[in-house]
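Predicted model and sequence follow; I will ask about them next.
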Protein chains: 2
Amino acid sequence: MTSILDVAKKAGVSPTTAKRAVNQPHLLTKATLERVQSAIEFLNYEPDRTAGALRRGHSQTIGLMVGNIIEPFFAQLTRTIAKAVHAKGYALIVADNEYDTNIELENLRMFHGQRVSGLIIRSAFGTGNLEYLRRLHQQGTYILEIDHFLPESGFSHIMLDNHGGVETGLRYLHNLGHRKIAALTVFEAHQDERARAYSQIMTDLGLKIPKAYQRSTDLTEEGAYRRTLELLRLPEPPTAIFSMTGNEAAGAFRALKEQQIRIPQDISFLTFDDYSWTSLVEPPLDVITQPIQAMGLRAAELVIGAIERRQLNQTHLERFACRLITRSSCAAPRSHSLH
Amino acid sequence: MTSILDVAKKAGVSPTTAKRAVNQPHLLTKATLERVQSAIEFLNYEPDRTAGALRRGHSQTIGLMVGNIIEPFFAQLTRTIAKAVHAKGYALIVADNEYDTNIELENLRMFHGQRVSGLIIRSAFGTGNLEYLRRLHQQGTYILEIDHFLPESGFSHIMLDNHGGVETGLRYLHNLGHRKIAALTVFEAHQDERARAYSQIMTDLGLKIPKAYQRSTDLTEEGAYRRTLELLRLPEPPTAIFSMTGNEAAGAFRALKEQQIRIPQDISFLTFDDYSWTSLVEPPLDVITQPIQAMGLRAAELVIGAIERRQLNQTHLERFACRLITRSSCAAPRSHSLH
DNA sequence: TTTTTGAATGGACACGTGTCCATTTTTGTT
DNA sequence: AACAAAAATGGACACGTGTCCATTCAAAAA
């Protein structure tokens, strides 16, 4: 493998000068710079970042831990972040935790071993790995939570305005006349912001949430499918279903379709995430869309900014607004329209 | 940052012994091993892979270059490969080339700088980066092409049985009575296997492909949308459209829907890739499904196997079969059913 | 006990870079 | 022409690991 020493020899300069041609070209004479640059080109030299990482103490690498790369939300986020960090000369190492603390821990170990400079994480529910994250941070890794955060963590985070989004959705359904509104989400221990917002806003609207509505999904398509069938079998089924993620929406929609439930005549359906397919199905779905790209760009910017300015302890808390797109999957409930 | 030296000191052994506790534990006495292990735990020691990478000459890292992470095909592939390589102790660095040789080159540079041990690549069309890939290979990076390969490259590859898949699809449509079958794909320079298979099998079936059917998409949803509208405006529009990727299918389906074309009454529609939404739309789509997970697992296995056995020059060429799933988007063409 | 053998442990060095400090060369001033 | 100041270039070392070789130790054979 050719190193900077080969370049230096070829160009007839000292190793230090050759390194400067790469890192601080403004310090060199035009002539010297050109000589070194042509040597670099001739030898196809590419600096060894592993060596640099060793010397510097951290690699020019960002770790990204998402819930599940297959979900378009995370795929889009991954892509945006990858592009942004590449532009700054960083590489992106990805892993997903499958919303499981144990899998997450293993991948955190891997990130640690790679000495990632920064970590963007959509952590699993529960505080199981908080201690490990804290240690990572203490050792110089900037940590940014995204989409979900552990309240006690004290790390920076980038969040959607989940409360606002849920409120927009629920008021929309409420105004249409719905009173029995079920949510597809994770209720356990009030860890999920959307679940919390759902409970609170339903109360604000003077609506009660039956116990039967408060069972959790596991955030998978399959789980939402099963949960939706359960809801439909209830003695008092909901007149509207509000899916808190686009992933769950696919499962729920499949269940509704299989049961030949007419949307919106029999049930209104609303979901977070404007996934491509939501406008292709019949009826096109009403959705609450997130500014994924803006969030990803900001995440990359914050992390790299903090790393380069060596402000590892500066905390940024940001919220991004979401937007309701109405199509044709929500309408007044039948009982209501008879009034 | 705690190093193995700290561990050694804490455990009262030499650095070499401490290293062995990590890498070759069978060489140590049970007592010594335990002493070192508890020191590791106490200090939260995690080996610095950047240092190991420097010494070894390559990092325990695999590069994955896909076309576009957002496409579920690549998302699924990424996830499968990520899991598989993590299990073997490797990290996965991802990048996408957006099917563009220049973007690809930049990311290849990045991979090179990171001294990835292996590279799994869905290369952009064209041989622009072949020379760079060759150099990378020469410097010790194992290279595996996936989903698409450059015939002259000589690298290992994992491919779908594209010819078989296209043949299955075309014969299916032909048997239904279709003669005017258009394909959504990349025709340029016969670089795409599915496009080549389409041309050849149409000829085998005794069918001619009008010039107007031979214009390329750019593999995007938007491009397929526009291309589909063009096809519909033709004086002799096709009676069946065969989309060669699931990504393009979304755009094509949107166009058909907007134009209020009835599927399969007015046009039959068939596509590669059994994406989640294809069974949610009306009508559910007939698809040709790929064994993405099997391909991803095999890719990871091949690359890591070659790295660990130091057989960088061994070439593996593998093909995976695909399968037609019939639902309701294909039927006999109208003119035909009148006969 | 002594010798032999193999198991267990230790020492030393190189990988390629970033960084600090030293030295040389050039430029500007008198 | 002599000097100071600034610009340009060079030297030396450390980062933490993997690997090779050397040494010590314990057990088996004589």
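Yep, it's here.

quick one, strands of the stretch 1-150 of chain A?
Secondary structure of the stretch 1-150 of chain A (DSSP state E, counting those that start in this stretch): strands located at A:61-66, A:91-96, A:118-121, A:142-146.

Look up how far A:Arg35 lies from A:Leu184.
From A:Leu184 over to A:Arg35 the distance is 65 Å, taken as C-beta to C-beta, to the nearest Å. Placement of C-beta: from N, CA and C, glycine included.

quick one, which of these two is more surrounded?
A:Leu184 (29 against 19; other C-beta atoms under 10 Å in any protein chain shown).

check contacts around the residue of chain A found nearest chain B.
Chain A approaches chain B most closely through A:Trp277 (3.2 Å), counting by C-beta to the nearest C-beta. Taking C-beta atoms under 8 Å, 6 or more residues apart in numbering or on different chains as the contact definition, A:Trp277 lies against A:250, B:250, B:275-277, B:280-281.

ditto for A:Ser156
Shown in contact with A:Ser156 (C-beta under 8 Å, 6+ apart): A:142-145, A:302, A:306, A:314-317.

hmm, try it at 7 Å
Shown in contact with A:Ser156 (C-beta atoms under 7 Å, 6 or more residues apart in numbering or on different chains): A:144, A:302, A:315-317.

I'd like these as TSV, with distance to B:Cys330 appended.
Listed next are the contacts of A:Ser156 as TSV, based on distance: C-beta to C-beta, whole Å:
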residue	distance to B:Cys330
A:Leu144	48
A:Leu302	49
A:Thr315	56
A:His316	52
A:Leu317	52
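
Show me the residues you listed that map onto helices.
A:Leu302 (DSSP state H).

Out of the contacts of A:Ser156, which are close to DNA strand D?
When contact is defined as C-beta under 7 Å from any atom of the strand, the contacts of A:Ser156 do not meet DNA strand D at all.

Can you select the buried ones from the contacts of A:Ser156 in PyMOL?
Restricted to buried positions by 16 or more other C-beta atoms under 10 Å in any protein chain shown, the PyMOL selection for those reads:
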select buried, chain A and resi 144+302+316
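
Lowest average confidence across helices and strands of chain A, where is it?
helix A:334-338 (a mean of 55; mean pLDDT, DSSP states H and E).

Show me how far stretch A:300-314 is from its chain's centre.
19 Å (C-alpha atoms, centre = their mean, to the nearest Å).

Pull out the buried positions in it.
For stretch A:300-314, using 16+ other C-beta under 10 Å, the buried residues are A:300, A:302-304, A:306-307, A:312.

go on, stretch A:128-148?
A:129, A:133, A:136-137, A:139, A:141-148.

how far does that stretch stretch from start to finish?
15 Å (C-alpha to C-alpha, to the nearest Å).

ok, stretch A:127-145 near DNA strand C or not?
No: Stretch A:127-145 stays clear of DNA strand C (C-beta under 7 Å from any atom of the strand), getting no nearer than 13.0 Å.

Can you give me the end-to-end span of that stretch?
Criterion C-alpha to C-alpha; first-to-last residue distance in stretch A:127-145 is 13 Å.

again, but for stretch A:84-92
With C-alpha to C-alpha as the measure, the ends of stretch A:84-92 fall 10 Å from one another.

right, is it up against DNA strand C?
No: Stretch A:84-92 does not reach DNA strand C (C-beta under 7 Å from any atom of the strand); its nearest approach is 10.3 Å.

Name the residues of that stretch that are buried.
For stretch A:84-92, a neighbour-count test (16+ other C-beta under 10 Å) marks A:84-86, A:90-92 as buried.

Same check on stretch A:178-191?
Buried, per 16+ other C-beta under 10 Å, within stretch A:178-191: A:178-187, A:191.

The contacts of A:Trp277 in helices, which ones?
Among the contacts of A:Trp277, the members found in helices (DSSP H) are A:250, B:250.

Excluding chain neighbours, what is closest to A:Ala195?
A:Thr185 (4.6 Å; C-beta to C-beta, 6 or more residues apart in numbering or on different chains).

contacting residues for that neighbour?
Taking C-beta under 7 Å, 6+ apart as the contact definition, A:Thr185 lies against A:192, A:194-195, A:198, A:216-217, A:244.

One more: A:Cys322?
Taking C-beta under 7 Å, 6+ apart, we find A:Cys322 in contact with A:160-161, A:164-165, A:288-290.

so who does the closest residue to DNA strand D within the stretch 151-300 of chain A touch?
Nearest to DNA strand D, among the residues of the stretch 151-300 of chain A, is A:Phe155, at 24.1 Å (C-beta to the nearest atom of the strand). Contact analysis of A:Phe155 by C-beta under 7 Å, 6+ apart lists A:143-145.

thinking again about what came up before, turn the strands of the stretch 1-150 of chain A into JSON lines, columns for mean pLDDT.
What follows is those, written out as JSON lines (pLDDT from 0 to 100):
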{"stretch": "strand A:61-66", "mean pLDDT": "98"}
{"stretch": "strand A:91-96", "mean pLDDT": "97"}
{"stretch": "strand A:118-121", "mean pLDDT": "98"}
{"stretch": "strand A:142-146", "mean pLDDT": "97"}
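
Which parts of the stretch 201-339 of chain A are strands?
Under DSSP E, counting those that start in this stretch, the stretch 201-339 of chain A gives strands at A:240-243, A:268-272, A:286-289, A:317-320, A:323-325.

Quickly compare these and say which is most buried.
Highest mean neighbour count among the strands of the stretch 201-339 of chain A (mean count of other C-beta atoms under 10 Å in any protein chain shown): strand A:240-243, with a mean of 29.

That one packs against which elements?
helix A:162-176, strand A:181-184, helix A:221-233, helix A:246-258, strand A:268-272 (3 or more C-beta pairs under 7 Å, 6 or more residues apart in numbering or on different chains; DSSP states H and E).

pLDDT below threshold where in chain A?
Applying pLDDT under 70 to chain A flags the ranges A:335-339.

Tell me the one of the buried residues of stretch A:178-191 nearest DNA strand C?
Taking the buried residues of stretch A:178-191 together and measuring to DNA strand C by C-beta to the nearest atom of the strand, the closest member is A:Gln191, at 40.0 Å.
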